[in-house]
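> Generate coordinates for the sequence data below:
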Amino acid sequence: MGLVQLPLALQKIENEYMLFGVAGLVCLVAFVSLILVPAVSSYGRLWEKAAAGFLSLFVLVALVLVGVVIGLAVVFYYNDIVELVNSG
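Numbering: from 1, shown residues only. Just a heads-up that it's a prediction; the model follows:
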């Protein structure tokens, strides 16, 4: 058998995007298995489980927003950071 032909849309995906996608999936699996499942399984009543799930998702959103803000700050101040590192 020859090589499997991928659809045209998948042929244009660069390696970096594939790596970022896999990293995002690994982070999501880690969040669900290490934070969400223990939080939800700690409670017995349905409303307690729903509240624990909501608060866990709130923590996820907060962590993502902090990461985005730090990433944007690094991109915005990249030249200053490089000058600071190279001057020392």
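> Look up phi and psi at residue 42.
The phi/psi pair for residue 42 (degrees, to the nearest 10) reads phi -80, psi -10.
> ok, now residue 83?
Dihedral angles for residue 83 - degrees, to the nearest 10 - are phi -60, psi -40.
> mind listing what it touches?
If you count contacts by Cβ atoms under 8 Å, 6 or more residues apart in numbering, residue 83 has none. Any C-beta I mention is one placed from the backbone N, CA and C, and that applies to glycine too.
> all helices for the chain, in order.
With DSSP state H as the criterion, the chain has helices at 8-11, 15-31, 37-41, 46-76, 78-87.
> quick one, which of those helices is packed in tightest?
Among the helices of the chain, ranked by average contacts under mean count of other Cβ atoms under 10 Å, first place goes to helix 37-41 (a mean of 14).
> what helices or strands is that one leaning on?
Under the contact criterion of 3 or more Cβ pairs under 8 Å, 6 or more residues apart in numbering; DSSP states H and E, helix 37-41 touches helix 46-76.
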